[in-house]
Each structure stands twice: as structure tokens, then as C-alpha cells.
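**Student:** the sequence and its predicted three-dimensional model are supplied below.
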Amino acid sequence: MMAAETKKIWMDGKLVESAEAKVHVLGHTLHYGVGVFEGIRAYPTPQGPAIFRLSEHVARLVASARFYRMPLPYTPEEVAQAIIDTQRANDITPSYIRPIIYRGEPALGVKNQKGRVSLAVAAIPAKKYLGEQSETGVRAKISPFRKPHSDAIPSFAKADGNYLNSYLAGIDAAEDGYEEAILLDQNGYVAEGTGENIFLVRHGTVYTPGSESDILMGVTRASVLTIAKDLGYPVVEKLLSVNELLSADEAFFSGTYAEVAPIREVSHYVYGDGKPGPVTRDIMEVFYRTVHGEEPKYAAWLTPVAPAPRAVARATRRAATS
Ligand SMILES: Cc1ncc(COP(=O)(O)O)c(C=O)c1O
């Protein structure tokens, strides 16, 4: 993240200038990867900026911290408020919001559990993670790097260290000219992307791997499952083989950063005519209307963020002088 992309970062109760948001080089998290984080989006809606599925992200963050024995000195309500306050202070929409829980005080030694557990929250301008291909279809490669088994590193927790695996798979795919990697689990079943869950469509049924495939149980994944069911598509969570992946009619990724992104091709196997298929398009349409506050049915998934009083005063002055 570039310091210039954001103004204020929330650090343990204070909104500090981005350039001042620093931690000690001997902090435990930096050395051992024991930190947990979230990726959350805020969208413009007709009622003003709103955060998508805030309480689900906070619940996963708090559960991840608890699993890694990081006693957080904030309640889930205080974490949610810190996220809202950061979004409001930066006044950027659409934004990508990154809360992170870490140990930032000097504390070498892998088993060291001393030192303050901290929370920081940043908000940066949201980009299309997969560029143009988010709409026209992503080219993905089946990665030679597999997901670690959850007996080694549990996939339900969104922990810093998990992303060594995503990093290796992601750069390998990029070096081979693909936009994304698809990782298999230890048994060779389809798991997920580097930062996305995966869906397949076959004969009008929507399939996605379940928790037994060592995936992160995505908040977007849960939203897509609800949307697909409500649209009347049969939905099945099951182990998916590479054969099922390559012979599907359609495929797409879901994730906070990737949103809902059609997959055009997997390791040279092209889906249909190479354009997003009808079921993918149907789900994408409802998803994008939902996040932009245009689907009353899912309005409860959005938390409105009223602008800070100063921003309201600025806007009122602008309106008065124009
Ligand atoms: C490995 C992995 N899988 C799936 C996802 C999608 O999860 P979500 O929809 O909650 O962003 C993410 C992103 O957080 C991820 O990092």
C-alpha cells in the first residue's frame, strides 16, 4: 500500500497520519507471520457509502485472532466502529478496507505470546483486482503449489502466514502469463484461488468446494450461494475434481477483492465461447446491484457510513457556491 493512497490509519484507538503508522522491526508478527486480517469493501450507494457485510468480516477477524491466541483488547462492536471510523476519516469510495491484528512490540521467539495485541485499520481506493478480465473473464492456471492441509495450517482463519502459499501460487501463475492461480488441496481436489473462492456451473447447477477442501470460507462465497439459490439455481457444495473443473460449462471466482469474476480459461481449457456464461452473468448482475444498494432484498448486508461532519460542511459549501 502506498502511503499517499490513504490519509489516516486507525492504530489502537487513534487515527494517525499514514506516514506515521509504524511498528517495531522486532515485532512478533513480522518474523513469524502470526497476524490475522480482513479485506472489506465499501461501495457507493444511493444512500451514501456503505460497507458490505461488515459484521461477517468482523466475526471472522475476531475468530481468527482467538484461534491464534491473540487476546484482542476490543469488542467486536469496537472493531466494527474502528472500521467505520477509518472509512469515514478517509472519505474514499469505493474503498478496500484492511483491518489487521498483530503483535508489533519487540518480541522474538516463535512461542512468545507477550506484548500487546494491536489493531490497525486502513482504507485505500478500491481497484479491480483482476483488471479488465474481471468482466471479460480471467485466465487461470492450475498451480503446482497445493493448499496446506488444515491439520497443518487451518484454512478457516485468515492469517498472515497462510499467504506464503498464495504468494507462491500467484507469482508462478503470473510468470506463466496467467492472471490467477487455482490451487488444489492435498488430495488433488479443487480448492480455491490465491485470494478467491471458486464456483463451477454444469447443466444449470452451481458447484463449489466445501470446507473439507481446506478453503477460506469466503464472505462473498456465502453471499453468492444465497444469491444463486434465490435465483432458483440448484447449489451443491462438494469435492470437485480437476476433471470437473476443466469440463464445466462455466466457472467464476468470488472474493472481496475479486468480487464476482468470470473465469475464461483454465490452463488452456476455454469455457464455452470464451465469454462469461449466462448463469455467471445472472449472479454477477444481482451481486453488483446488491453491493451498490440496488437490491432491497439484501439491504441488510450493507452498513451505511454517514460522512464525517467536516465532509458534510465542505459539500454544503460546495453546493452553495456552485
Ligand atoms: C485464500 C482466500 N480464499 C477466499 C477468499 C474470499 O473470501 P471473502 O469473500 O471473504 O473475501 C479470500 C479473501 O479473503 C482468500 O484470501
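**Tutor:** Structure's in. What do you need? Numbers count the residues shown, from 1 in each chain.
**Student:** CA atoms for contacts and neighbours, from now on please.
**Tutor:** Fine.
**Student:** up against the ligand, what does the stretch 201-322 of the chain have?
**Tutor:** Residues of the stretch 201-322 of the chain lying near the ligand by C-alpha under 6 Å from any ligand atom: 216, 218-221, 254-256.
**Student:** what is the nearest of those residues to residue 105?
**Tutor:** Nearest to residue 105 out of these is residue 216 (C-alpha to C-alpha; 28.5 Å).
**Student:** neighbour count for the residues of the stretch 201-322 of the chain next to the ligand - can I get that in TSV?
**Tutor:** Formatted as TSV, those follow (neighbours: other C-alpha atoms under 10 Å):
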residue	neighbour count
216	19
218	21
219	19
220	22
221	22
254	25
255	23
256	20
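**Student:** and stretch 142-155, what's buried?
**Tutor:** By neighbour count on 16 or more other C-alpha atoms under 10 Å, the buried set for stretch 142-155 is 142-143, 145-150, 154-155.
**Student:** if you could redo that for stretch 250-270, that was the one I meant.
**Tutor:** 250-266, 270.
**Student:** now stretch 53-64
**Tutor:** Those would be 53-55, 57-58, 60-64, for stretch 53-64 by 16+ other C-alpha under 10 Å.
**Student:** go back to those residues and keep what's next to the ligand.
**Tutor:** Answer for these near the ligand: none qualify (C-alpha under 6 Å from any ligand atom).
**Student:** so which of the residues you listed belong to strands?
**Tutor:** Per DSSP state E, strands hold no members of these.
**Student:** which of these lies closest to the ligand?
**Tutor:** Closest approach to the ligand among the buried residues of stretch 53-64 (C-alpha to the nearest ligand atom): residue 57, at 7.0 Å.
**Student:** not counting its neighbours along the chain, what's nearest that closest one?
**Tutor:** Leaving aside its chain neighbours, residue 57 sits nearest to residue 38 (6.6 Å; criterion: C-alpha to C-alpha, 6 or more residues apart in numbering).
**Student:** equivalent analysis for residue 6, please.
**Tutor:** residue 124 (5.4 Å).
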